[in-house]
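> any chance you can model this:
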Amino acid sequence: MAGEDEVERLRHRVEWETGGPLLEASGQATHAASRGLSAITGWIEDQGRERPLVSLLLAFQLGFAAGRWGPPRSRAGT
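Sure thing, here's the model as predicted:
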């Protein structure tokens, strides 16, 4: 009885320290995210080949949006 309890306690501790089911779930989520990102990357690449001017326009718009992202800054002279 005491031996089985000790084995169960140690098994639980090893499972907790190695991640157990959480490690498997995070691996599956990472795999799904990487598949999604590679699909989006492939789509962007195809669109860039088919419509280069539209892709260039979107790139400028994204760059402008990224530049405006963040806290507002004070402007000199205003």
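> what is the neighbour count of Gly15?
Careful, residue 15 is Glu; it's not Gly. Here the number of neighbours of Glu15 (other C-beta atoms under 10 Å) works out to 13. C-betas here are computed from N, CA, C, even on glycine.
> could you give the mean pLDDT of whichever strand or helix holds it?
In this assignment (DSSP states H and E), Glu15 forms part of helix 2-18. The average of the pLDDT scores along helix 2-18 is 81.
> need the CA coordinates for that helix. CSV is fine.
This file holds the C-alpha atoms of helix 2-18, laid out as CSV (Å, rounded to 0.1, in the frame of the first residue of the first chain):
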residue,chain,number,x,y,z
ALA,A,2,2.6,2.5,1.0
GLY,A,3,4.8,1.5,-1.9
GLU,A,4,1.9,2.0,-4.4
ASP,A,5,1.2,5.4,-2.9
GLU,A,6,4.8,6.4,-3.2
VAL,A,7,4.9,5.2,-6.9
GLU,A,8,1.7,7.1,-7.6
ARG,A,9,3.1,10.3,-6.0
LEU,A,10,6.3,10.1,-7.9
ARG,A,11,4.5,9.4,-11.2
HIS,A,12,2.3,12.4,-10.6
ARG,A,13,5.4,14.5,-9.8
VAL,A,14,7.2,13.4,-13.0
GLU,A,15,4.1,14.1,-15.0
TRP,A,16,3.8,17.6,-13.5
GLU,A,17,7.5,18.5,-14.0
THR,A,18,7.6,17.3,-17.6
